[in-house]
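**Q** everything below, folded, please.
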Amino acid sequence: MVSRNISRSNTCSWAGLENSGVHAMTSDDLKRAAAHAALGLIQPGMRLGLGTGSTASRFIEALAQKHRAGMAVVCVPTSETTRRLAESLGLPLATLDDFPTLDVTVDGADEIDPKLRL
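**A** Next comes the predicted model:
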């Protein structure tokens, strides 16, 4: 983590930002951005672990769109909730018994410390 001293002259006022075209990202925006960034790492034919939670759900929804467009993947859900969502979106599902080695698992992080450790 980088730390710097910022003097009053180097700070910006948030007043009027809403009229400037600049806006802060909401938690939902950040989760959706993370999901789409993860989706960019997925290649056709991969065996994917699908995590649980709000960020993982956004990834699963985006992955389902890619799958409907022709991207072949096999998905192993980490929970019953995730299985139901993936199944409802038409993603092909398997178990760790079927595929004990996965290419990648996409899941959100509940907590991270300042050094970005889970």
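**Q** how far away from the center of its chain is stretch 48-68?
**A** Averaging C-alpha positions (CA atoms, centre = their mean, to the nearest Å) puts stretch 48-68 8 Å from its chain's average.
**Q** all numbers from here: first residue = 45
**A** Sounds good: first residue 45 from here, last item stretch 92-112.
**Q** avg pLDDT for that stretch?
**A** Taken as a whole, stretch 92-112 has an average pLDDT of 96.
**Q** list the buried residues of it.
**A** Under the neighbour-count criterion of 16 or more other CB atoms under 10 Å, stretch 92-112 has 92-97, 99-104, 106-108, 111 buried. Using the backbone N, CA and C atoms, a C-beta is placed for each residue, glycine as well.
**Q** now, which of those lie within helices?
**A** Residues from the buried residues of stretch 92-112 lying in helices, with DSSP state H as the criterion: 99-104, 106-108, 111.
**Q** export those residues to a markdown table and tack on distance to Ala153?
**A** Shown next, in a markdown table, are those (distance: CB to CB, whole Å):
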| residue | distance to Ala153 |
| --- | --- |
| Thr99 | 8 |
| Ala100 | 10 |
| Ser101 | 14 |
| Arg102 | 14 |
| Phe103 | 13 |
| Ile104 | 16 |
| Ala106 | 18 |
| Leu107 | 18 |
| Ala108 | 22 |
| His111 | 24 |
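**Q** ok, of those, which one's closest to Leu83?
**A** For those, the minimum distance to Leu83 (CB to CB) is 4.9 Å, reached by Ala106.
**Q** residue ranges with poor pLDDT in this protein?
**A** Scanning the chain for pLDDT under 70 picks out the ranges 45-67.
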